[in-house]
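A.B. asks: no sequence for this one, just the structure:
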């Protein structure tokens, strides 16, 4: 049983087209950018009135949600969103591989080359983050505020400083890349040699990776997303990012499998495999909503200014001129929870491509929307809206991601031939009726 | 309970039983039921069992639970007795979420269990139908209602050909 994916012709052109059009749109967006929000920004400088206990910005400096809305900042924030978006999908796929190996799950053997191919995007994701190391002081308030300006940030400087930030992130990236590279190597070596050696070794690597991942992913989320709001406290933030990554990783695996199947590959992947990935998508989108509510509910109840600032920036409705995210805030829950919850509830919806694909695309948009809502208020301030810069940056990253993943798919047999659980996976069923 | 005469084929091996069932389905023999110590994989299509509608019932119960929760909280906190808890508005949605969730789950779970009991005709003091005393231990029994069949001998030979260790009759 042997099958190889060929990444040629039309699809190669489409992927390169995505990158090309993305860059063109990005440049056009920079050219046409109107610096919207500048008037409101100036107005805030003029108004020096600071009410007691108010979260309005400090008038004579930047920070506290009051930023100079430059196009450069917006592009940086978009690059951060794009880097985060595909890093989270990659890590979701890597976690999928590790957790199923540790759990001795047999059903996923037939499809595991797809998450394996996704993890080979990891080096590119690391490079995109490494590029952002040089722009930390443009993205993060704690990196560009002088010591002595903000007492709360000064208290946190023992952890939030550029040197520590870069060093610990390099350690995280190194650990993840090592695990991804080694798991892939073991899986490919097993195709050649068979036996149980690689299989058992992968179990050890996966177990160690999961422990490392639990800690490092949470710190990664705190560093790259939460520290955009350095005044904010949330103890559940790492899980929140994790929930979003799992949803979008599962949707990505599902959609790539559908694509491969429509091309005539992977005839041995049956409805039950799709059903199980669909269950993951449904379950993790509910989990995402659970974490979303859990994070918000406690902050809402206790009503402490340091915690509330994050939400005040995002949903403040009585003052529409403030940052303008309130529609985005509620729309986020609609696309990430209510749509998949109602649409994917039945068994057949998870198996029917014509139902799942639209919902999957909505969820993939939802993950981007979620990241947009996490990054933009802290990094840029005023809601820049979704325009050419956002679309262009995302398309460039998407093209890059698809190119790397499809190229990785061509590198190996689509069937993990000598995997001990292959036979079980080929007969996988979730019930006939 | 009405007294019915059943023709019973008893098997040691569930795979043999599945083969016999396949043959019976081909001959269009109406099978009353199969009694087995554990669920047998892939038996549903052979017994012409349709997909359960319990999931639809569950959704309806869940929706009822959600409505109950929202109605109760809305009436209490919005109309009958608005309360000031920690300075929060009395009709705010965030604190409604956990209770709405809990009642949805409670109604869906209990509704499903009750529906299952009613549809399966289990009530307190119900006498168990035992085709064979060992059907909960290690014997697999195919029961066929004798009033609904014409050619009994053919069925007996199907049982025999597929390795039934005993073929009996029983009145229940």
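C.D. replies: In hand now; what should we look at? Note that this is a predicted model, so its numbers are computed, not measured.
A.B. asks: so residue A:184 touches residue A:116, yeah?
C.D. replies: Yes: applying C-beta atoms under 8 Å as the test, residue A:184 and residue A:116 come out as touching, 5.5 Å apart. To be clear about C-beta, it is placed using only N, CA and C from the backbone, and glycine gets the same treatment.
A.B. asks: separation between residue B:52 and residue A:312?
C.D. replies: Noted for residue B:52: a distance of 48 Å to residue A:312, by C-beta to C-beta, to the nearest Å.
A.B. asks: oops, could you answer that again for residue A:1 instead?
C.D. replies: From residue A:1 to residue A:312 the distance is 58 Å (C-beta to C-beta).
A.B. asks: among those two, which residue is more densely surrounded?
C.D. replies: The residue with more neighbours, out of residue A:1 and residue A:312, is residue A:312; 18 against 11, by other C-beta atoms under 10 Å in any protein chain shown.
A.B. asks: next to chain A, which bits of chain B? Give me the list.
C.D. replies: Within reach of chain A by C-beta under 8 Å from any C-beta of the partner chain, chain B has these residues: B:42, B:44-45, B:49-52, B:55, B:59, B:86-88, B:92, B:94-95, B:97-98.
A.B. asks: from those, which land in strands?
C.D. replies: Among the residues of chain B next to chain A, none falls in strands (DSSP state E).
A.B. asks: what sits against residue A:420?
C.D. replies: The contact partners of residue A:420, by C-beta atoms under 8 Å, 6 or more residues apart in numbering or on different chains, come to A:196, A:199.
A.B. asks: tell me if I'm right that residue B:25 and residue B:48 touch.
C.D. replies: Yes: contact status for residue B:25 versus residue B:48: in contact at 7.4 Å, counting by C-beta under 8 Å.
A.B. asks: neighbour-wise, which of these two wins?
C.D. replies: Taking other C-beta under 10 Å, residue B:25 and residue B:48 do not tie; residue B:25 has more neighbours (15 against 9).
A.B. asks: what strand or helix carries that one?
C.D. replies: Residue B:25 is located in helix B:14-26, with elements delineated by DSSP states H and E.
A.B. asks: in the helix or strand that residue A:174 is a member of, which residues are buried?
C.D. replies: Assessed by DSSP H and E, residue A:174 sits inside helix A:162-193. The neighbour-count check on helix A:162-193 (16 or more other C-beta atoms under 10 Å in any protein chain shown) flags A:165, A:169, A:172-173, A:175-177, A:179-180, A:183-184, A:186-188, A:190-191 as buried.
A.B. asks: now do it: which elements does it pack against?
C.D. replies: Other elements packing on helix A:162-193 under the criterion 3 or more C-beta pairs under 8 Å, 6 or more residues apart in numbering or on different chains; DSSP states H and E are helix A:71-102, helix A:113-119, helix A:122-132, helix A:136-139, helix A:197-224.
A.B. asks: quick one, which of those helices is nearest to residue B:119?
C.D. replies: With C-beta to C-beta, the closest approach to residue B:119 among these belongs to helix A:71-102: 36.5 Å.
A.B. asks: residue with max distance from the center of chain B?
C.D. replies: Largest separation from the mean C-alpha position in chain B: residue B:87, at 49.2 Å (C-alpha atoms, centre = their mean).
A.B. asks: contacts only, for that residue.
C.D. replies: By C-beta under 8 Å, 6+ apart, the residues touching residue B:87 are residue A:303.
A.B. asks: now do the same for it: its pLDDT.
C.D. replies: Confidence at residue B:87, expressed as pLDDT, is 83.
A.B. asks: repeat that for residue B:126.
C.D. replies: For residue B:126, pLDDT reads 85.
A.B. asks: that one and residue B:120, how far apart?
C.D. replies: From residue B:126 across to residue B:120, the span is 10 Å (C-beta to C-beta).
A.B. asks: secondary structure element holding residue B:141?
C.D. replies: Here residue B:141 sits within strand B:140-145, counting by DSSP H and E.
A.B. asks: just checking: what are the partner strands of that strand?
C.D. replies: With DSSP bridges as the test, strand B:140-145 is paired with strand B:5-11 (antiparallel), strand B:33-35 (antiparallel).
A.B. asks: redo the ones you listed as CSV? Include mean pLDDT, mean neighbour count and distance to residue A:430.
C.D. replies: Output for those, formatted as CSV (pLDDT from 0 to 100; neighbours: other C-beta atoms under 10 Å in any protein chain shown; distance: least, C-beta to C-beta, whole Å):
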stretch, mean pLDDT, mean neighbour count, distance to residue A:430
strand B:5-11, 91, 21, 27
strand B:33-35, 91, 18, 22
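A.B. asks: any chance of the ones you listed in JSON lines, with distance to residue A:267 too?
C.D. replies: Formatted as JSON lines, the strands paired with strand B:140-145 follow (distance: least, C-beta to C-beta, whole Å):
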{"stretch": "strand B:5-11", "distance to residue A:267": "36"}
{"stretch": "strand B:33-35", "distance to residue A:267": "34"}
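A.B. asks: these: which one's closest to residue A:347?
C.D. replies: strand B:33-35 (23.9 Å).
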